[in-house]
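The amino acid sequence is not available; the structure is as follows:
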């Protein structure tokens, strides 16, 4: 996947740190109110709850995900992505290496 570039944004310098630093992201704010986060996920298994809908692009590495209510796990590799409904959540597992992502809030 080629590097994603975002222009005309405000980058929030304060990191979003979860799970004792094993998941870290930074927020980008777009004109008109849009928001994305760019992050790193270190090996482990994590659960995230969502308030708004999300689209997750995996930009490097890979993971397994399971959306709340879905019994099936799905592999997502570099260049793939997945949607998470509003007021829901998902489990994510990174077996090794570092997975990088861009989360778009919908």
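Looks like it arrived, so ask away. This is a predicted model, so every value here is computed, not measured.

Based on its surroundings, how many neighbours for residue 21?
Neighbours of residue 21 under the rule other Cβ atoms under 10 Å: 10. C-beta coordinates here come from the backbone N, C-alpha and C atoms, glycine included.

Check residue 95 too.
12.

thought it was touching residue 45?
No: Residue 95 is not in contact with residue 45 according to Cβ atoms under 8 Å; the separation is 9.5 Å.

Would you mind listing where the chain has pLDDT under the threshold?
Across the chain, the ranges flagged by pLDDT under 70 are 1-3.

switch to 90 and redo it
The chain contains residues with pLDDT under 90 at 1-5, 106.

That one: strands as residue ranges?
10-11, 16-18, 23-29, 35-41, 44-50, 54-60, 62-67, 74-77, 81-84, 88-94, 99-105 (DSSP state E).

Redo the ones you listed as TSV? Include mean neighbour count and distance to residue 4.
Shown next, in TSV, are the strands of the chain (neighbours: other Cβ atoms under 10 Å; distance: least, Cβ to Cβ, whole Å):
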stretch	mean neighbour count	distance to residue 4
strand 10-11	10	14
strand 16-18	12	18
strand 23-29	17	11
strand 35-41	19	9
strand 44-50	14	21
strand 54-60	19	7
strand 62-67	18	17
strand 74-77	13	16
strand 81-84	16	12
strand 88-94	18	20
strand 99-105	19	6
